[in-house]
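Enquirer: next come a sequence and a model predicted from it.
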Amino acid sequence: QVQLVESGGGLVQAGTSLRLSCAASGGTFSSYIMGWFRQTPGREREFQGRITRFGRDTYYADSVKGRLTISRDNAKNTVYLQMTNLKPEDTGVYYCAASIPDWRKTYADPSSYDYWGQGTQVTVSS
């Protein structure tokens, strides 16, 4: 079982950048597809993007393409979410999640992920 801990959130101004980190422990990190989700009050967790096991491929929600970049360092058991040109609507709690690969899964669906971090708050002021 893998444990995930996000960090790097905070209060930032619109137009700036922020990098979130998610450190994994307790499992073989490279075994997992890693995803990032955002949640706002009263709404379900919203897919932001994901990265394949060895970082070769990344996939993003259409709403964030061009502003978010996901990367991973398997030697450090860490996945990153680089956010640029932040907007107030990017505000929310950001979660990283790990998924055991399975061809039947739809990775934009939160239910496809097996492990979750506790989340880190990002607040973007206008």
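Expert: All right, it came through fine.
Enquirer: give me the nearest residue to the most centrally placed residue in the chain, chain neighbours excluded.
Expert: Using Cα atoms, centre = their mean, the residue of the chain that lies closest to the mean C-alpha position is residue 36, 2.0 Å off. Counting by Cβ to Cβ, 6 or more residues apart in numbering, residue 48 is the residue found nearest to residue 36 once chain neighbours are left out, at 4.3 Å. All C-beta spots, glycine's among them, are computed from the backbone N, C-alpha and C.
Enquirer: any idea how far that neighbour is from residue 79?
Expert: Distance of residue 48 to residue 79, computed by Cβ to Cβ, to the nearest Å: 12 Å.
Enquirer: okay, buried residues for stretch 16-36 please.
Expert: Residues of stretch 16-36 classed as buried: 18, 20-24, 27, 29, 32-36 (neighbour count, 16 or more other Cβ atoms under 10 Å).
Enquirer: what is the most widely separated pair among these?
Expert: Largest separation among the buried residues of stretch 16-36 by Cβ to Cβ: 18 and 27, giving 26.5 Å.
Enquirer: just for the protein, where's the confidence low?
Expert: Within the chain, the set of residues satisfying pLDDT under 70 is empty.
Enquirer: re earlier: among the buried residues of stretch 16-36, which are in helices?
Expert: Among the buried residues of stretch 16-36, DSSP state H puts none in helices.
Enquirer: closest to residue 9 among the residues you listed?
Expert: Among these, and counting by Cβ to Cβ, the member closest to residue 9 is residue 20, at 6.4 Å.
Enquirer: my guess is the closest one contacts residue 119, does it?
Expert: No - assessed by Cβ atoms under 8 Å, residue 20 is found out of contact with residue 119, at 10.1 Å.
Enquirer: so which residues of this structure form strands?
Expert: Assigned by DSSP state E, the chain shows strands spanning 3-7, 10-13, 18-25, 33-39, 46-51, 58-60, 68-73, 78-83, 92-99, 115-116, 120-125.
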